[in-house]
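> Need coordinates for the following:
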Amino acid sequence: MLYDTLENLNQYRGMFENLDKAIDFIENNDLAELPVGRTEIDGDDVYVTVQELETLPAEGRHFETHSRYMDLQTDIEGMELCEVTLGDVTAVQEYSEQDDYALWDGNTSAALVLDDTRFAVFMVEEAHLPGIRAEGCDKVKKAVFKIAY
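Model (predicted):
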C-alpha cells in the first residue's frame, strides 16, 4: 500500500509502468472536470472511474481485494476514511473474475483519510474498505484508478 499526499505522487514513478500512466494523467488533468463514470487512459490497462457516493459506517461491511488491478483512490470532493487489514482474513464472497473482486472479513490494521489532497494505492490482493463516513462528511466524489498489475 502507498499512502501520501498528491503533491508527492511523482515520487512513486518507476515502480510500475501502468502506475506511471495514472500519475501522468493525474498531473496533466483536472480530476474535478472528469464526468461521472469511466474515462479510459490506456484501454483496459489503466482507466479511472469517477463515483459520487454516500459514505457509510464501517460496521457490517467487508474488506475487498482485487487480483487484476491495483486501485489508486483519491477524493475530488469531500472526505472519507478507508480501512486496511494486513492480518489474516476470512473469505465472505469468492473472487469474481468478471468484477475483479472478492470480499473478506478481518481486523482493521489502519484507518486512512482520503480527501482532495491525499491518495492511496492498494496493491493486488491487499484488503481495503473504502467509503467509510468521516465526521461531518456523508457524501464524496472520488476518482478510482484501475491499474493493471
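> where do the helices sit along the protein?
Using DSSP state H, the helices assigned to the chain run over residues 17-28.
> can you give me the strands for it?
2-5, 37-42, 46-54, 63-65, 69-77, 80-84, 89-96, 101-106, 110-114, 118-122, 128-133, 139-148 (DSSP state E).
> avg pLDDT for the fifth one?
Okay, so that is strand 69-77. Mean pLDDT, strand 69-77: 98.
> Give me the angle between that strand and strand 118-122.
Here strand 69-77 runs at 160 degrees with respect to strand 118-122, directions being taken by axes from the mean of the first three to the mean of the last three CA atoms, to 10 degrees.
> what's the burial count for the closest residue to residue 133 other than its chain neighbours?
When the adjacent residues along the chain are set aside, residue 133 lies closest to residue 55, with 3.9 Å between them (CB to CB, 6 or more residues apart in numbering). Using the backbone N, CA and C atoms, a C-beta is placed for each residue, glycine as well. By the criterion of other CB atoms under 10 Å, residue 55 has 20 neighbours.
> so residue 55 touches residue 130, yeah?
No. With contact defined as CB atoms under 8 Å, residue 55 does not count as touching residue 130 (9.0 Å).
> Between these two, which contacts overlap?
By CB atoms under 8 Å, 6 or more residues apart in numbering, residue 55 and residue 130 have these common neighbours: residue 80.
> ok, what's across the strand from the residue most central in space within the chain?
Centroid check for the chain by CA atoms, centre = their mean gives residue 73 as the closest residue, at 3.3 Å. With DSSP bridges as the criterion, residue 73 is bridged to residue 120, residue 144.
> surely it meets residue 84?
No. Between residue 73 and residue 84 there is no contact under CB under 8 Å: 11.5 Å.
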